[in-house]
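A.B. asks: Whatever this is, show me its structure:
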Amino acid sequence: MKFEDLRLIEPILRALKTEGYTIPTPIQEKAIPVLLDHKDLIGCAQTGTGKTAAFAIPILQMLKQENPLLNGHRKIKSLILTPTRELAIQIGESFTAYGKHTGLRHTVIFGGVTQHPQTESLKAGVDILIATPGRLLDLIGQNFIHLTEVKIFVLDEGDRMLDMGFIHDVKKVIALLPQKRQTLLFSATMPPEIVKLADTILTSPVMVAVTPVSSTVDIIEQSVYFVDKKDKPALLSHVLKDRSVLSALVFTRTKYGADKLVKYLKRQGILTEAIHGNKSQNARQRALRNFKERKIRLLIATDIAARGIDIDELSHVINYEIPNIPETYVHRIGRTGRAGLGGKALSFCDADEKAYLRDIYKLISKKIPAVDNHPFSNVSLRPDRIMARR
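C.D. replies: Next up, the predicted model:
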């Protein structure tokens, strides 16, 4: 199937052609027709599946068709609520790319920066608003934003909203929306509270699920290194001597661990930066920009801070610390091996993490090959009982 087969209007097809898009991803192929039929939707899709285009394209088309001439003062007709500044900015970039020939206006608002440029943009009138919950409620309280005309509402990254403690703010926003609207909920996982929320805000939704969370992309070459915890920094330094590691996203479990690792690597002469919740918005954005522009080849991240990061041609994902939730492993490694390109996922496993690795094996139904020929190998940590459970 091609985008031309999805009943898309010429301005959007022209923009997609400019972006080099010809064939929709599975979630785009499934979601776009549903949304163009004005139905509610639950999208269960992890990072890297193309879900932003899956909702941005139909929103642009429906709003353009509703008011082709875009006359009069613009009012917010679509609200996209997302948990982080980084993700909000990336969604805004997508609307810019896909909507360049539609004449529709959008703006992005988030906290951590002065509100003046954002309020000036709102005063000029926008059709589509992309927002994080805190700044949105703040500007609603100041009467800069009114949601009474919203026709399409998107709750993006529902599970991360829950993880980051935004669920109460989300409910406050939903209470301000018109009862009659089209609602879209996207979430990589569906914890009970998100399922409960979906039941209250959607009407007869269509469920679209792609890339089940238990699966890992076959094109990604996975491996595990058994190592004592104290040797992990030196092992990472050793791995990075391999120049085939062109760009690596390294995951730690804690903010403190990320900062500690950055300091160690800098002492080894390895340039890197960290992104996590304790970093200022500007610092996080600068680190991400430096990584994307290849000024640094290494970025240290915690899971929540990394959610929504979209990096082309990422060669490696390194689980410096193995996640205690097996689904998180799948989300992490799915950041490499995109668009048909190869990628590698390395995991450092110490004695305390063997149970986590066992849970991952159960989830993905296979054993990850071990690398023993490294200077810090501890084969005694490699018990035979860590086997795939089919």
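A.B. asks: May I have the secondary structure class of F153?
C.D. replies: At F153, secondary structure determined by DSSP: H, G, I helix; E, B strand; the rest coil is strand.
A.B. asks: Tell me which residues touch it, please.
C.D. replies: Residues near F153 by C-beta atoms under 8 Å, 6 or more residues apart in numbering: 78-79, 81, 174, 177, 181-184. Where you see a C-beta, it was placed from the backbone N, CA and C, and this is true even at glycine.
A.B. asks: Show me what it bridges to in the sheet.
C.D. replies: Here F153 sits in beta bridges with L79, T183, going by DSSP bridges.
A.B. asks: do G343 as well
C.D. replies: I220.
A.B. asks: Quick check: it vs E313, distance?
C.D. replies: Distance, G343 to E313, by C-beta to C-beta, to the nearest Å: 9 Å.
A.B. asks: Looking only at neighbour counts, state which of those two leads.
C.D. replies: Applying other C-beta atoms under 10 Å to G343 and E313 shows that G343 carries more neighbours, namely 20 against 13.
A.B. asks: secondary structure element for T200?
C.D. replies: For T200, the host element (DSSP states H and E) is helix 192-201.
A.B. asks: What is that helix packed up against?
C.D. replies: Judged by 3 or more C-beta pairs under 8 Å, 6 or more residues apart in numbering; DSSP states H and E, the packing partners of helix 192-201 are helix 158-163, helix 167-175, strand 182-187.
A.B. asks: The last one vs helix 192-201, what angle?
C.D. replies: For strand 182-187 and helix 192-201, the angle between their directions (axes from the mean of the first three to the mean of the last three C-alpha atoms, to 10 degrees) works out to 170 degrees.
A.B. asks: Also the second one?
C.D. replies: Compare the direction of helix 167-175 with that of helix 192-201 by the same axes, to 10 degrees and you get 10 degrees.
A.B. asks: For helix 167-175, buried residues please.
C.D. replies: Neighbour counts over helix 167-175 (16 or more other C-beta atoms under 10 Å) mark 167, 169-170, 173-174 as buried.
A.B. asks: so what pLDDT did N324 get?
C.D. replies: Note for N324: predicted pLDDT of 82.
A.B. asks: what number of residues lie near it?
C.D. replies: Here the number of neighbours of N324 (other C-beta under 10 Å) works out to 12.
A.B. asks: cool, A287 as well?
C.D. replies: A287 has 23 neighbours, counted by other C-beta under 10 Å.
A.B. asks: same deal with S315?
C.D. replies: 17.
A.B. asks: In contact with the nearest residue to it once chain neighbours are set aside, which residues?
C.D. replies: Spatial nearest neighbour of S315, excluding adjacent residues (C-beta to C-beta, 6 or more residues apart in numbering): L246 at 4.3 Å. L246 makes contact with 297, 313, 315-316 under the criterion C-beta under 8 Å, 6+ apart.
A.B. asks: What of I32?
C.D. replies: Applying C-beta under 8 Å, 6+ apart, we find I32 in contact with 6, 8, 24, 54, 57-58.
A.B. asks: L235 too?
C.D. replies: Neighbouring residues of L235 by C-beta under 8 Å, 6+ apart: 225, 227, 348, 374-376.
A.B. asks: between these, which is closest to R105?
C.D. replies: For the contacts of L235, the closest approach to R105 (C-beta to C-beta) belongs to F348, at 46.9 Å.
A.B. asks: beta partners for the closest one?
C.D. replies: For F348, the beta-bridge partners are Y225 (DSSP bridges).
A.B. asks: need the helices for the stretch 201-350 of the chain, in chain order.
C.D. replies: Here the stretch 201-350 of the chain has its helices, by DSSP state H, counting those that start in this stretch, at 232-239, 255-267, 281-292, 303-306, 326-333.
A.B. asks: Could you export those helices as CSV, including distance to G112?
C.D. replies: Listed next are the helices of the stretch 201-350 of the chain as CSV, based on distance: least, C-beta to C-beta, whole Å:
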stretch, distance to G112
helix 232-239, 30
helix 255-267, 16
helix 281-292, 3
helix 303-306, 13
helix 326-333, 24
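A.B. asks: Could you say which one of those comes nearest to L139?
C.D. replies: That would be helix 281-292 among the helices of the stretch 201-350 of the chain, by C-beta to C-beta, at 16.4 Å.
A.B. asks: What's the separation between E273 and K266?
C.D. replies: For E273, the distance to K266 - C-beta to C-beta - is 10 Å.
A.B. asks: who has more neighbours, those two?
C.D. replies: Using other C-beta under 10 Å as the criterion, E273 and K266 rank with E273 on top: 22 against 12.
A.B. asks: Quick check: closest non-adjacent residue to that one.
C.D. replies: Leaving aside its chain neighbours, E273 sits nearest to A287 (3.8 Å; criterion: C-beta to C-beta, 6+ apart).
A.B. asks: got it, and V170?
C.D. replies: Closest residue to V170 apart from its sequence neighbours, by C-beta to C-beta, 6+ apart: M161 at 5.5 Å.
A.B. asks: burial of the one you found, as a residue count?
C.D. replies: Neighbourhood size, M161 [other C-beta under 10 Å]: 25.
A.B. asks: quick check: domain ranges of this protein?
C.D. replies: Residue ranges for the domains of the chain, per automatic domain parsing: 3-209, 220-381.
A.B. asks: least reliable of those going by mean pLDDT?
C.D. replies: Note on these: domain 220-381 shows the lowest mean pLDDT, a mean of 87.
A.B. asks: E221 is in contact with V371, correct?
C.D. replies: No - under the criterion of C-beta atoms under 8 Å, V371 makes no contact with E221, lying 11.0 Å away.
A.B. asks: residues of the helix ranked longest in the chain that come out buried?
C.D. replies: The helix spanning the most residues in the chain, taking DSSP state H as the definition, is helix 51-66. Neighbour-count burial for helix 51-66 flags 51-64 (criterion: 16+ other C-beta under 10 Å).
A.B. asks: Nothing else from me, thank you.
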